[in-house]
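Colleague: here is a sequence together with a model predicted from it:
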Amino acid sequence: MTMTNLTTKRFVIRKSLIGKNVVITFTNKKGIDVTYVHDKVYNANKKRFDNMNCFKKYKSYTCTNDVPAFARQLKCVYYEAQVA
């Protein structure tokens with residue numbers, strides 16, 4: 001199955017992207033590029049996301065500055081410093 005690349009301005013998990021094999025990249029507030037596999041982050045924290053009020057109401061969860069602490073150590077999240 002093909003992976004789709006998506007560039008965003010922040011960390012995001014969206015119901016509409018579940019099962020779409022999306023790899024998301026964004027730059028955090030420290031200027032570091034962060035790449036993660038949307039479905040793997042969602043599946044590893046499915047219960048947490050499904051119980052969030054924002055996820056129920058808006059069908060998405062975002063974190064503006066960085067990957068949330070509960071997802072940082074997942075093997076599907078990669079940090080790469082930008083070369084100036």
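Modeller: Received it, and whenever you're ready, just let me know what you need.

Colleague: list the contacts for F26?
Modeller: 7-11, 33-34 (CB atoms under 8 Å, 6 or more residues apart in numbering). Any C-beta I mention is one placed from the backbone N, CA and C, and that applies to glycine too.

Colleague: apply 6 Å and report the result again.
Modeller: Listed by CB atoms under 6 Å, 6 or more residues apart in numbering, the contact partners of F26 are 8, 10, 34.

Colleague: and the first one, how many neighbours does it have?
Modeller: If I follow you right, that is T8. 12 (other CB atoms under 10 Å).

Colleague: now the closest residue to it other than its chain neighbours. Its backbone dihedrals?
Modeller: Closest residue to T8 apart from its sequence neighbours, by CB to CB, 6 or more residues apart in numbering: F26 at 4.8 Å. Dihedral pair for F26: phi -150, psi 160, per degrees, to the nearest 10.

Colleague: other SSEs contacting the helix or strand hosting V34?
Modeller: Using DSSP states H and E, V34 maps to strand 32-37. Packing partners of strand 32-37 (3 or more CB pairs under 6 Å, 6 or more residues apart in numbering; DSSP states H and E): strand 22-27, strand 77-81.

Colleague: please identify the most buried of those.
Modeller: The highest average neighbour count among these, using mean count of other CB atoms under 10 Å, belongs to strand 22-27 at a mean of 18.

Colleague: many thanks, we can stop here.
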